[in-house]
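Engineer: Here is my input; please provide its structure:
(one chain, ligands or ions: 1)
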Amino acid sequence: MPNHPDVMEKLVSLCKRRGFIFQSSEIYGGTGSVWDYGPLGVELKKNIKDRWWHAMVRSRDDIEGLDAAILMHPRVWEASGHVGGFVDPLVDCKNCKKRFRADDPKIKGTPGRPDAQCPACGMKGTLSEARQFNLMFKTFMGPMEDSAAVVYLRPETAQGIYVNFLNVQQSTRQKVPFGIAQIGKAFRNEITPGNFIFRTREFEQMEMQFFVEPDSAMTWFEYWKGERMAWHRSLGLDEARLMFHRHAPDELAHYAKAAFDVQFDFGGSLGFQEIEGVHSRGDFDLSRHQEFSGKKLEYFDQPNNKRFLPYVVETSAGADRTALAILVNAYREEAVPGETEGRTVLGFHPAIAPIKAGIFPLVKKDGMPEMARRIADDLRPLLSVFYDDGGAIGRRYRRQDEVGTPFCITVDGESAAADTVTVRDRDTLRQERVSTTKLSEYLAARIAS
Ligand code: GAP
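Structural biologist: Predicted coordinates:
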């Protein structure tokens, strides 16, 4: 059970101070549960998305990429079940006007009855009966704001894949089993968003739909569970903080025959929570789109001369939630041997760290800044580097530790004559002397390891 400390408050503050994540529209008082990624945050999230794309699309010959539009035909969401079924039960308190999900464990008693107690103001009998609240954002397409012009902001990227199933299959000549992957924004008008970027109203998903023969669906489901857990471990997430959660029948989404969540222990009272879902969706989506569009979506298996609707195994991860798991996992405060001041470290895996190397002249004289700048300019096309000559060297190291930079390169008194620099490892604090001609090779090997 959760045994890690709650670092969320400290992280929110660090993320703002160091330019990872800002509240949206902050100067206007902020927009509820919408966040903007600053210079370091955008790099971190991009590294996560690139790694996902590489693992799921580039390094495989059985998965194709797609970038479908956010706005889709409104019938898509009727077929998918989201118009009718993507609802949360909502209750309001007539006294304090706060809103809750009806199944919020903090509510005592039954909403709508006199015994029900508001978890915010503590009044009894003020909670309304539960009413169904659809989580999709609605807007209008074209100049008329009437019901015929309603369109939705997609609540998941998956539907863009299903409606393009045959386009992708026929244009690429892929054969079942194969998958289609995409990364993109999704929107949900969550009733109880919160916990920083854990549950937001605008977020990014990294989803893959794998189309298989019906008989093989459970074998592929097990395969993808394994692959996805291995991917999260490869990001450096602590094994002990990861686990699977199997959905009980009453937890299953309307489309799912079976589902497992990959959960991460976020610490504190949040504890283990879903970061990715692996779902066995059967032929629910393709058959519904076939029915609602009137267009056949069957796959033609030429060698066996048969047509069938493939079953789908879906892997659905949140890019923001994965970024939060990575930040929580990486955050640590520690004493430094021989120093009075401790340090805060984001111990990111080097491959996803926003800055790979800090580059410093030991002092601002004797040609050291010029040499350090030359090294920074040479490395910049290959990896993200940060030049810093401001303040004591110890402070510069600490500033990079706090944003998770795995290596700090220092040009010192020996550098010019020997054409070498020191490379400090963020985690071990050990320094190695490396020839400047070997520097890029050295860093590439350390980042890949
Ligand atoms: N297509 C299936 C689907 O969307 P989901 O379990 O609703 O499944 C998948 O969402 C993933 O998307 C979650 O595991 C989570 O990482 C992310 N996600 C869902 N809702 C989110 C929200 N409101 N804020 C941030 N991430 C969210």
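Engineer: what about the residue in the stretch 1-150 of the chain that the ligand sits nearest to, neighbour count?
Structural biologist: Nearest to the ligand, among the residues of the stretch 1-150 of the chain, is S33, at 8.0 Å (CB to the nearest ligand atom). Heads up, the C-betas are built off the backbone N, CA and C, glycines and all. For S33, the neighbour count with other CB atoms under 10 Å is 22.
Engineer: got it, and R113?
Structural biologist: 11.
Engineer: Same check on V345?
Structural biologist: 21.
Engineer: Then the one 10 residues further on?
Structural biologist: Neighbours of I355 under the rule other CB under 10 Å: 21.
Engineer: quick one: it from the ligand, how far?
Structural biologist: Remark: distance between I355 and the ligand (CB to the nearest ligand atom, to the nearest Å) = 25 Å.
Engineer: May I have the secondary structure class of the residue of the stretch 1-150 of the chain closest to the ligand?
Structural biologist: Following DSSP: H, G, I helix; E, B strand; the rest coil, S33 is assigned to coil.
Engineer: just checking, it touches N195?
Structural biologist: No. Using CB atoms under 8 Å, S33 is not in contact with N195; the gap is 9.4 Å.
Engineer: What parts of the stretch 51-200 of the chain come near the ligand?
Structural biologist: E156, A158, R188, E190, R199, T200 (CB under 6 Å from any ligand atom).
Engineer: Among those, which one is most surrounded by other residues?
Structural biologist: A158 (25 neighbours).
Engineer: Now do the phi/psi pair for the closest residue to that residue other than its chain neighbours.
Structural biologist: Distances taken as CB to CB, 6 or more residues apart in numbering put E207 closest to A158, at 5.3 Å, once the chain neighbours are dropped. The phi and psi values for E207, taken as degrees, to the nearest 10, are phi -120, psi 150.
Engineer: Please look at E207 and Q159 and confirm they touch.
Structural biologist: No. Applying CB under 8 Å as the test, E207 and Q159 come out as separate, 9.9 Å apart.
Engineer: shared neighbours of these two, anything?
Structural biologist: Counting by CB atoms under 8 Å, 6 or more residues apart in numbering, E207 and Q159 have no contacts in common.
Engineer: And those two? Which one has more around it.
Structural biologist: Under the criterion of other CB under 10 Å, the comparison of E207 against Q159 puts E207 first, with 26 against 23.
Engineer: related to what we said a few turns ago, the residue nearest to A158: what's it in contact with?
Structural biologist: E156, T157, A158, I161, A181, Q182, I183, E314, T315, S316, A317.
Engineer: Name the nearest residue to the first one, ignoring sequence neighbours.
Structural biologist: Yep, that's E156 we're talking about. E156 sits nearest to A186 (CB to CB, 6+ apart), 5.4 Å away.
Engineer: hang on, the one you found in a helix?
Structural biologist: No. Assigned with three-state DSSP, A186 falls outside any helix and is strand.
Engineer: So it is in contact with M206, correct?
Structural biologist: No. Using CB under 8 Å, A186 is not in contact with M206; the gap is 10.6 Å.
Engineer: The two: who's more crowded?
Structural biologist: Neighbour totals were compared for A186 and M206, and M206 leads with 23 against 19 (other CB under 10 Å).
Engineer: Number of residues surrounding L383?
Structural biologist: 16.
Engineer: Who is R343 paired with across the strands?
Structural biologist: E334 (DSSP bridges).
Engineer: Can you report how many residues neighbour the residue of the stretch 251-400 of the chain found nearest the ligand?
Structural biologist: Going by CB to the nearest ligand atom, the ligand is nearest to G318 of the stretch 251-400 of the chain, at 2.4 Å. Neighbours of G318 under the rule other CB under 10 Å: 23.
Engineer: and it, what does it touch?
Structural biologist: Applying CB under 8 Å, 6+ apart, the residues contacting G318 are F203, E204, Q205, M206, I275, E276.
Engineer: Could you report the pLDDT at it?
Structural biologist: Reading off the confidence values, G318 has pLDDT 98.
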